[in-house]
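*Asks:* Next come a sequence and a model predicted from it.
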Amino acid sequence: MVDILVISHSCFVSVNRLIYRELAALGWSVEIVIPEQHNFGSGIRTSEDDSPRDPKIHRLPMLGLHGRFRIYQGLFKLLDRLQPRIVFMDNDYASLLAWLLGRWTNSNNSTLIVQTNDNLIKNPWSEISQGRIKSGFGSIGIKLLSDLVNSKIKHIFAINSDGIKLLNSMGYAGRVSQIPLGYDPNLFCNDPQTRLEIRKSLGLSKTTIAYFGRVIPEKGLHILIEALAKLKDLEWQLLLDEFKAYRNPYYEHIKSLIKEHDLESRVVEFEATHQEMPRYFNAADIVVMPSVSTPNFKEQYGRVAVEAMACGCLVIASDSGALPEVIGDGGIIVPENSQEALGDALSKALQNVEFRENLVNLATKRAINYLSIHQQRDLMSQVFSKILSPTSKEAA
């Protein structure tokens with residue numbers, strides 16, 4: 001018997017297993033189920049290799065095309081063998097998998113706990129009336145699935161306040177708590193020596209504005225380029241993550257915008273793994289997240305913002321989704337989809353070093369005190385302990 005069997009699409013990527021390494025280090029016996037292969041960005045990819053501190057990992061084939069109806073081949077034979085006290089599902093709660101796991105846990109004296117990133121609260125009839133037929137009927141389907149699994153889920157973790165509101169409206173009130181997506185403070189931290197080395201290697205000599213993340217329209221990189229085009233009289237360079245896994249027509253649009261505004265000489269591009277990213281965060285002075293909400297997207301968390309804050313960068317972000325609550329007083333929030341507001345914030349940050357440094361100090365403290373993997377680990381462990389028994393892990 002194991003304490004926790006984690007079932008997670010996201011643990012396909014090694015960095016997302018960090019929280020389970022931390023829980024194992026607290027004394028919980030943890031094993032993880034991940035897909036053998038997953039459709040990620042540019043196509044089908046094989047799961048990333050184990051890290052030395054990873055709990056035992058089970059790679060299973062995934063069946064099904066739609067996210068809410070995917071299941072793992074051989075999962076229930078594994079459950080029967082391991083008899084976990086907690087089944088922790090880091091996937092959609094309104095899904096076929098949740099329903100099947102709920103049936104298994106109810107029949108095997110186990111507990112189903114779920115983590116969700118959901119933050120879109122939709123009125124299906126409003127969606128349909130506005131011509132978003134597919135979205136409206138999708139919302140009805142999600143509500144039906146949620147009602148089906150409701151009684152089978154003991155607790156749900158959400159990563160944003162909109163998620164809490166959504167889950168309460170779905171009938172989970174009293175069984176929901178909010179946790180951060182914790183960053184690794186041993187990896188993401190202010191490192192002056194690394195800063196000197198990487199800036200020299202990249203040829204960065206001016207105040208460096210950076211964009212890290214996927215190159216898709218919802219992330220608003222075009223807004224940043226347009227804002228910077230109006231700040232040519234100021235001294236700055238732009239550091240861009242190529243993110244080759246997400247090459248698409250929008251990426252080519254960004255390249256053409258840079259050329260159109262004659263910004264090529266100011267742009268420095270790089271490609272890095274997640275483990276290498278702290279070097280590039282340290283090279284930057286200002287990290288921008290100009291995300292734009294759509295009917296089907298708003299920022300669920302903002303891991304880039306937190307990692308940037310921990311590395312001593314000023315974060316300027318739009319007010320999309322969870323970004324304001326994650327950044328708090330440790331950055332600048334501007335209205336989304338506003339080149340003017342973003343340009344004004346950048347101009348002030350570029351010209352007022354003292355203002356920038358004061359915000360950076362607040363940001364670093366906020367990241368360390370509230371947003372690290374240690375806060376996430378402790379909050380999760382407290383819930384697990386309370387559910388299993390009042391004393392089982394209190395001393396851990």
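*Replies:* Looks like it arrived, so ask away.

*Asks:* what residues does stretch 295-303 touch?
*Replies:* 117-120, 127, 132, 135, 159-160, 162-163, 180-181, 183, 218, 289, 291, 293, 317-318, 320-323, 326-327 (C-beta atoms under 8 Å, 6 or more residues apart in numbering). All C-beta spots, glycine's among them, are computed from the backbone N, C-alpha and C.

*Asks:* Just give me the residue closest to the centre of this protein.
*Replies:* residue 303 (4.9 Å; C-alpha atoms, centre = their mean).

*Asks:* any idea of the pLDDT on that residue?
*Replies:* Note for residue 303: predicted pLDDT of 95.

*Asks:* how close does it sit to residue 293?
*Replies:* 18 Å (C-beta to C-beta, to the nearest Å).

*Asks:* for residue 118, same thing?
*Replies:* Residue 118 is 15 Å from residue 293, by C-beta to C-beta.

*Asks:* Then residue 214?
*Replies:* Per C-beta to C-beta, residue 214 is found 15 Å from residue 293.

*Asks:* now do residue 187
*Replies:* As judged by C-beta to C-beta, residue 187 and residue 293 stand 30 Å apart.

*Asks:* Now the helix or strand hosting residue 363: buried residues?
*Replies:* Counting by DSSP states H and E, the element that carries residue 363 is helix 353-370. Within helix 353-370, the residues that count as buried by 16 or more other C-beta atoms under 10 Å are 356, 359, 360, 362, 363, 364, 366, 367, 368.

*Asks:* my guess is the fourth one meets residue 315, correct?
*Replies:* By that I understand residue 362. No. Taking C-beta atoms under 8 Å as the definition, residue 362 is not a contact partner of residue 315, at 10.7 Å.

*Asks:* any residues in contact with both of the two?
*Replies:* Shared contacts of residue 362 and residue 315, defined by C-beta under 8 Å, 6+ apart, are found at residue 330.

*Asks:* picking that back up, which other helices and strands contact the helix holding residue 363?
*Replies:* Here helix 353-370 touches helix 303-310, strand 314-318, strand 331-334, helix 339-351, going by 3 or more C-beta pairs under 8 Å, 6 or more residues apart in numbering; DSSP states H and E.

*Asks:* Just want the angle from the first one to strand 314-318.
*Replies:* For the pair helix 303-310 and strand 314-318, the angle between their directions (axes from the mean of the first three to the mean of the last three C-alpha atoms, to 10 degrees) equals 150 degrees.

*Asks:* re earlier: which residues sit against the helix holding residue 363?
*Replies:* Contact with helix 353-370 is made by 180, 183, 185, 188, 190, 285-286, 306, 308-310, 312-315, 327-332, 348-349, 375, as judged by C-beta under 8 Å, 6+ apart.

*Asks:* now do stretch 163-173
*Replies:* Among residues not part of stretch 163-173, those counted as contacts by C-beta under 8 Å, 6+ apart are 94, 116-121, 143, 146-147, 150, 153, 156, 158, 176, 178, 300.

*Asks:* Just the ones of those residues in helices?
*Replies:* Within the contacts of stretch 163-173, residues falling in helices by DSSP state H are 143, 146, 147.

*Asks:* and the closest residue to the second one other than its chain neighbours, what does it touch?
*Replies:* The shortest distance from residue 146 to any residue that is not its chain neighbour, by C-beta to C-beta, 6 or more residues apart in numbering, is 4.2 Å, and that residue is residue 94. For residue 94, the contact set (C-beta under 8 Å, 6+ apart) comprises 68, 142, 143, 145, 146, 149, 170.

*Asks:* In CSV, list these along with pLDDT, neighbour count and distance to residue 102.
*Replies:* Formatted as CSV, the contacts of residue 94 follow (pLDDT from 0 to 100; neighbours: other C-beta atoms under 10 Å; distance: C-beta to C-beta, whole Å):
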residue, pLDDT, neighbour count, distance to residue 102
68, 83, 17, 14
142, 80, 20, 16
143, 83, 16, 17
145, 82, 19, 11
146, 86, 21, 12
149, 92, 22, 5
170, 90, 19, 15
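
*Asks:* Nearest to residue 76 among the residues you listed?
*Replies:* Closest approach between these and residue 76, by C-beta to C-beta: residue 149, at 16.3 Å.

*Asks:* I figured that closest one was touching residue 93, is that so?
*Replies:* Yes. Contact criterion C-beta under 8 Å: residue 149 and residue 93 qualify, at 6.5 Å.

*Asks:* Neighbours of residue 169, how many?
*Replies:* Using other C-beta atoms under 10 Å, residue 169 is surrounded by 12 other residues.

*Asks:* Report the separation between it and residue 128.
*Replies:* Counting by C-beta to C-beta, the gap from residue 169 to residue 128 is 18 Å.

*Asks:* Leaving aside the residues adjacent along the chain, what's closest to residue 145?
*Replies:* Leaving aside its chain neighbours, residue 145 sits nearest to residue 94 (3.9 Å; criterion: C-beta to C-beta, 6+ apart).

*Asks:* neighbours around the spatially closest residue to residue 347 that is not a sequence neighbour, how many?
*Replies:* Excluding the flanking residues, the one nearest residue 347 by C-beta to C-beta, 6+ apart is residue 231, at 6.1 Å. Other residues near residue 231 number 16, with proximity taken as other C-beta under 10 Å.

*Asks:* so residue 231 sits in a helix?
*Replies:* No. Checked against DSSP: H, G, I helix; E, B strand; the rest coil, residue 231 lies outside a helix; its state is coil.

*Asks:* before we move on, the earlier item: state the distance from the residue nearest to residue 145 to residue 29.
*Replies:* Residue 94 sits 29 Å away from residue 29, going by C-beta to C-beta.

*Asks:* same question, residue 93
*Replies:* The gap separating residue 93 from residue 29 is 24 Å, by C-beta to C-beta.

*Asks:* more neighbours, the two?
*Replies:* Using other C-beta under 10 Å, the more surrounded residue of residue 93 and residue 29 is residue 93, with 27 against 16.

*Asks:* Leaving out the residues flanking it, which one is nearest to the more buried one?
*Replies:* Nearest residue to residue 93 in three dimensions, chain neighbours excluded: residue 114, at 4.5 Å (C-beta to C-beta, 6+ apart).

*Asks:* May I ask which helix or strand encompasses that neighbour?
*Replies:* With DSSP H and E as criterion, residue 114 is part of strand 111-116.
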